[in-house]
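**Student:** I'd like to go over a predicted model; first the sequence, then the structure.
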Amino acid sequence: MNVDGSFGKISEAAVMDFQAKNNLVVDGVVGPKTWMLIYEKAKPKVYIRRLNQI
């Protein structure tokens, strides 16, 4: 797949799949709720060990 910066059928299908898997309204629109969940899932998980556990 080539990245061209446009939002085509493949992008729309991916958004709709993400929305369906995450109990969002499936409309293919990346609105505030979809963006928020994409951001939350993309955040790196940081695990901090206490010094005495190392």
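**Tutor:** Here it is on my side, so go on.
**Student:** got a list of what Leu24 touches?
**Tutor:** 18, 33-34, 37 (C-beta atoms under 8 Å, 6 or more residues apart in numbering). C-betas here are computed from N, CA, C, even on glycine.
**Student:** of these, which belong to helices?
**Tutor:** Those of these mapping onto helices are 18, 33-34, 37, per DSSP state H.
**Student:** from those residues, which is closest to Val25?
**Tutor:** Lys33 (7.7 Å; C-beta to C-beta).
**Student:** for that closest one, give me the pLDDT.
**Tutor:** Lys33 carries a pLDDT value of 97.
**Student:** same question for the one 10 residues further on.
**Tutor:** Per-residue pLDDT puts Lys43 at 81.
**Student:** next, count neighbours for it.
**Tutor:** 8 (other C-beta atoms under 10 Å).
**Student:** from Gly28, how far out is it?
**Tutor:** For Lys43, the distance to Gly28 (C-beta to C-beta, to the nearest Å) stands at 24 Å.
**Student:** separation between the residue nearest to the spatial centre of the chain and Ser11?
**Tutor:** When C-alpha atoms, centre = their mean is applied to the chain, the residue found nearest the centroid is Ile38 (2.7 Å). Distance of Ile38 to Ser11, computed by C-beta to C-beta: 13 Å.
**Student:** what's the answer for Gly31, then?
**Tutor:** For Gly31, the distance to Ser11 - C-beta to C-beta - is 15 Å.
**Student:** which parts of stretch 9-23 are buried?
**Tutor:** 15, 18-19 (16 or more other C-beta atoms under 10 Å).
**Student:** let's have these in a markdown table, adding distance to Phe7.
**Tutor:** Listed next are the buried residues of stretch 9-23 as a markdown table, based on distance: C-beta to C-beta, whole Å:
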| residue | distance to Phe7 |
| --- | --- |
| Val15 | 8 |
| Phe18 | 14 |
| Gln19 | 14 |
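**Student:** what's in contact with stretch 26-39?
**Tutor:** 12-13, 15-16, 18-20, 22, 24-25.
**Student:** ok, now which ones touch Met16?
**Tutor:** Met16 touches 26-28, counting by C-beta under 8 Å, 6+ apart.
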